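Novice: give the three-dimensional model of this entry:
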Amino acid sequence: MSGKSPVIVWFRRDLRLTDHPALDMAAQSGRPVIPLFIRDDQIDDLGAAPKWRLGLGIETLADRLAAISSRLILRQGKALDVIRAVVAQTGAAAVYWTRLYDPNSIQRDARIKNALIEEGVDARSFGGHLMFEPWTVETKAGGYYKVYTPFWNAVKNRGVGAPVGGPAALTQPATWPDSDDIAQWKMGAAMQRGARIVRPFVQLGEDAAQARLEKFIAHGIAEYRRNRDLPGVDGTSNLSENLALGEISPRQCWHAGQRALNEGKSGAETFLKELVWREFAYHLMYHTPRILTENWREEWKSFPWNQDERRAEVQAWKQGRTGERFVDAAMRELYVTGRMHNRARMIVASYLTKHLMCHWRIGQKWFQECLIDWDPASNALGWQWSAGSGPDATPYFRVFNPETQLAKFDSDGAYVRRWIAEEYSEPHSDALAFFQAIPEGWNMKPSDPYPEKIIALDNGRTRALEIYKSRNF
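Specialist: Residues are numbered from 1 along each chain as shown. Down below sits the predicted model:
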């Protein structure tokens with residue numbers, strides 16, 4: 001490889017400059033570096049909210065690169081065709097990228113790597129999206145882990161490499177290749193009027209992510225074990241949005257958590273366990289990619305889920321008018337912020353799959369459409385865990401009661417008041433924002449009466465347990 005031949009760094013879900021092994025290797029080479037983002041079919045297949053959020057993240061990354069006298073090249077098309085074109089235009093002799101672990105990305109990246117190597121291009125993939133590569137964590141029998149706690153025990157004392165800094169500058173190529181204008185990509189088109197409502201809740205880029213982490217370590221992690229379950233309290237790190245797009249690395253979060261643990265902050269271990277839960281999700285997606293689309297447990301393949309998304313109760317669930325305040329508040333939070341509190345995610349998932357007996361895929365797809373922190377592995381594992389059909393579902397027959405859960409975790413009603421407008425004389429501004437974000441075709445307004453329950457909780461629970469019993473799991 002000529003000392004003057006550029007290195008292409010293909011950005012994907014790694015929209016940062018710090019602790020970026022592929023970018024660091026390119027920068028350390030001393031060769032010109034061409035940062036590249038490709039809008040291919042996998043990008044176009046994203047749901048409305050994650051695609052819009054990705055577009056914002058790309059713009060922020062471009063600004064970060066411009067600040068160090070570089071630039072982000074944007075191209076659209078099949079990834080291999082785009083890379084070949086940029087190689088031909090620039091004389092690049094190497095292409096580096098950060099690994100992804102979903103089956104479609106694995107297949108695409110393998111084809112690209114093999115083709116480029118055959119054509120004499122140095123094609124390399126690097127870690128960075130995870131702390132522990134999925135194939136490096138094995139049971140004593142040499143297999144993969146199917147239960148979280150043994151997985152945690154296997155990795156909790158492993159060394160995690162220290163994060164590396166970002167480049168102060170990148171060598172520019174003699175000539176920059178052509179680039180698309182991201183405004184022409186219209187990444188937020190499907191968000192329609194919702195984009196204006198969700199935008200204030202977005203924290204863009206690695207600077208914002210680092211600020212979030214620092215604030216959480218300083219003020220939130222000590223009480224994290226307790227406060228993480230209280231949806232009316234700002235008790236979590238809120239980093240899922242940034243981790244999903246790689247605006248912060250898990251190694252950066254892990255080392256910050258370890259420092260807090262060493263300082264005696266009581267919630268630090270719980271935070272570290274949540275980071276490892278994310279790793280566990282990727283571990284399972286890598287080894288059993290069926291978790292994304294099929295019931296993970298073989299015995300659930302013939303389970304009699306309702307799969308008709310057009311049913312009235314499914315629409316009521318999506319629109320936050322089930323008559324269950326915890327469920328409805330959570331679904332409205334999702335539509336206004338693009339995120340949902342983790343405790344609430346468990347409640348809405350249990351309600352859909354157990355009280356309503358609807359297939360978890362319905363919920364998974366809706367979250368994929370609405371979440372700005374959408375992550376393929378975490379979303380799939382969360383839904384299958386809640387539904388009972390997935391790994392480590394403990395126990396599969398647990399049916400969360402939204403009323404008792406609300407009384408326990410929102411005893412002062414702060415969460416409900418923030419997100420439900422009906423029946424309040426002076427609704428919270430966030431509750432009113434929901435009606436400004438939703439499609440006009442939903443025909444909802446804050447002056448409507450709060451909806452009646454679409455199913456009695458005891459009836460839904462009894463029906464679910466009877467079906468579980470009949471299956472002889």
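Novice: show me where this structure has strands.
Specialist: Assigned by DSSP state E, the strands in the chain fall at 7-11, 33-39, 73-76, 94-98, 122-126.
Novice: so can I have a markdown table of those strands showing mean pLDDT?
Specialist: A markdown table is the format used below for the strands of the chain (pLDDT from 0 to 100):
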| stretch | mean pLDDT |
| --- | --- |
| strand 7-11 | 98 |
| strand 33-39 | 98 |
| strand 73-76 | 98 |
| strand 94-98 | 98 |
| strand 122-126 | 98 |
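Novice: out of those strands, nearest to R158?
Specialist: With C-beta to C-beta, the closest approach to R158 among those belongs to strand 122-126: 18.6 Å. For every residue, glycine as well, the C-beta is placed using N, CA and C.
Novice: before we move on, the earlier item: just put the strands of the chain in TSV and tack on distance to R259 and mean neighbour count.
Specialist: Output for the strands of the chain, formatted as TSV (distance: least, C-beta to C-beta, whole Å; neighbours: other C-beta atoms under 10 Å):
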stretch	distance to R259	mean neighbour count
strand 7-11	29	26
strand 33-39	31	23
strand 73-76	37	19
strand 94-98	25	23
strand 122-126	25	17
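Novice: among these, which comes closest to R325?
Specialist: Closest approach to R325 among the strands of the chain is made by strand 33-39 (40.5 Å; C-beta to C-beta).
Novice: would JSON lines of the strands of the chain with distance to A377 be doable?
Specialist: Putting the strands of the chain into JSON lines (distance: least, C-beta to C-beta, whole Å) gives the following:
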{"stretch": "strand 7-11", "distance to A377": "20"}
{"stretch": "strand 33-39", "distance to A377": "22"}
{"stretch": "strand 73-76", "distance to A377": "26"}
{"stretch": "strand 94-98", "distance to A377": "15"}
{"stretch": "strand 122-126", "distance to A377": "18"}
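Novice: flag the shaky bits of the protein, pLDDT-wise.
Specialist: Residue ranges of the chain with pLDDT under 70: 1-3, 394.
Novice: try 50
Specialist: Residue ranges of the chain with pLDDT under 50: 1.
Novice: please parse it into its domains.
Specialist: 1-128, 130-160+197-287, 298-471 (automatic domain parsing).
Novice: now distance to A168 too, for these, in JSON lines please.
Specialist: Formatted as JSON lines, the domains of the chain follow (distance: least, C-beta to C-beta, whole Å):
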{"stretch": "domain 1-128", "distance to A168": "7"}
{"stretch": "domain 130-160+197-287", "distance to A168": "15"}
{"stretch": "domain 298-471", "distance to A168": "30"}
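Novice: about what we covered before: of all the strands of the chain, which one comes closest to E269?
Specialist: Closest to E269 of the strands of the chain is strand 94-98 (C-beta to C-beta; 27.9 Å).
Novice: neighbouring strands - and their directions - for that closest one?
Specialist: With DSSP bridges as the test, strand 94-98 is paired with strand 7-11 (parallel), strand 122-126 (parallel).
Novice: that older thread, wait, which of the strands of the chain is closest to A190?
Specialist: Judging the strands of the chain by C-beta to C-beta, what sits closest to A190 is strand 33-39, at 14.4 Å.
Novice: mind giving me the packing neighbours of the closest one?
Specialist: Applying 3 or more C-beta pairs under 8 Å, 6 or more residues apart in numbering; DSSP states H and E, we find strand 33-39 packed against strand 7-11, helix 21-28, helix 48-67, strand 73-76, helix 79-90.
Novice: mind redoing it with 10 Å?
Specialist: Strand 33-39 is packed against strand 7-11, helix 21-28, helix 48-67, strand 73-76, helix 79-90, strand 94-98, helix 182-185, with contacts defined by 3 or more C-beta pairs under 10 Å, 6 or more residues apart in numbering; DSSP states H and E.
Novice: contacts for the last one?
Specialist: Pointing back at helix 182-185 there. 37, 39, 43-44, 51, 55-56, 58-59, 62, 72, 74, 76 (C-beta atoms under 10 Å, 6 or more residues apart in numbering).
Novice: how many neighbours does D308 have?
Specialist: 11 (other C-beta atoms under 10 Å).
Novice: tally of neighbours for the closest residue in space to it that isn't next to it in sequence?
Specialist: Distances taken as C-beta to C-beta, 6 or more residues apart in numbering place V314 nearest to D308, at 7.3 Å, with adjacent residues excluded. The tally of other residues near V314 (other C-beta under 10 Å) stands at 20.
Novice: just Q307 next, same as before
Specialist: Using other C-beta under 10 Å, Q307 has 11 neighbouring residues.
Novice: burial measure for the closest residue to it other than its chain neighbours, as a count.
Specialist: Of all residues not flanking Q307 in the chain, H359 sits nearest, at 4.7 Å (C-beta to C-beta, 6+ apart). Counted with other C-beta under 10 Å, residues neighbouring H359 total 22.
Novice: could you do F303 as well?
Specialist: Neighbour count of F303, defined by other C-beta under 10 Å: 19.
Novice: same question, the one 10 residues further on
Specialist: Here the number of neighbours of E313 (other C-beta under 10 Å) works out to 17.
Novice: ok, now which ones touch it?
Specialist: Contacts for E313 (C-beta under 10 Å, 6+ apart) come out as 306, 322, 352, 355-358, 454-455.
Novice: neighbour count and distance to R212 added to these, as a markdown table?
Specialist: Converted to a markdown table, the contacts of E313 look like this (neighbours: other C-beta atoms under 10 Å; distance: C-beta to C-beta, whole Å):
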| residue | neighbour count | distance to R212 |
| --- | --- | --- |
| N306 | 15 | 39 |
| T322 | 25 | 32 |
| L352 | 27 | 30 |
| H355 | 28 | 34 |
| L356 | 23 | 35 |
| M357 | 17 | 38 |
| C358 | 22 | 34 |
| I454 | 18 | 37 |
| I455 | 18 | 38 |
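Novice: relative to P446, which of those is nearest.
Specialist: Closest to P446, out of all of the contacts of E313 and judged by C-beta to C-beta, is T322, at 17.2 Å.
Novice: what separation do you get for the closest one and Q184?
Specialist: From T322 across to Q184, the span is 40 Å (C-beta to C-beta, to the nearest Å).
Novice: what do you get for F151?
Specialist: Distance from F151 to Q184, by C-beta to C-beta: 44 Å.
Novice: which residue packs closest to K273, ignoring adjacent ones?
Specialist: Leaving out its chain neighbours, the residue that sits closest to K273 by C-beta to C-beta, 6+ apart is W152, at 6.1 Å.
Novice: just checking, the one you found touches F280?
Specialist: Yes. Look at W152 against F280 with C-beta atoms under 10 Å: they come within range, at 7.7 Å.
Novice: the nearest residue to P439 once chain neighbours are set aside: what's it in contact with?
Specialist: Distances taken as C-beta to C-beta, 6+ apart put Q192 closest to P439, at 7.4 Å, once the chain neighbours are dropped. For Q192, the contacting residues are 48, 437-440, by C-beta under 10 Å, 6+ apart.
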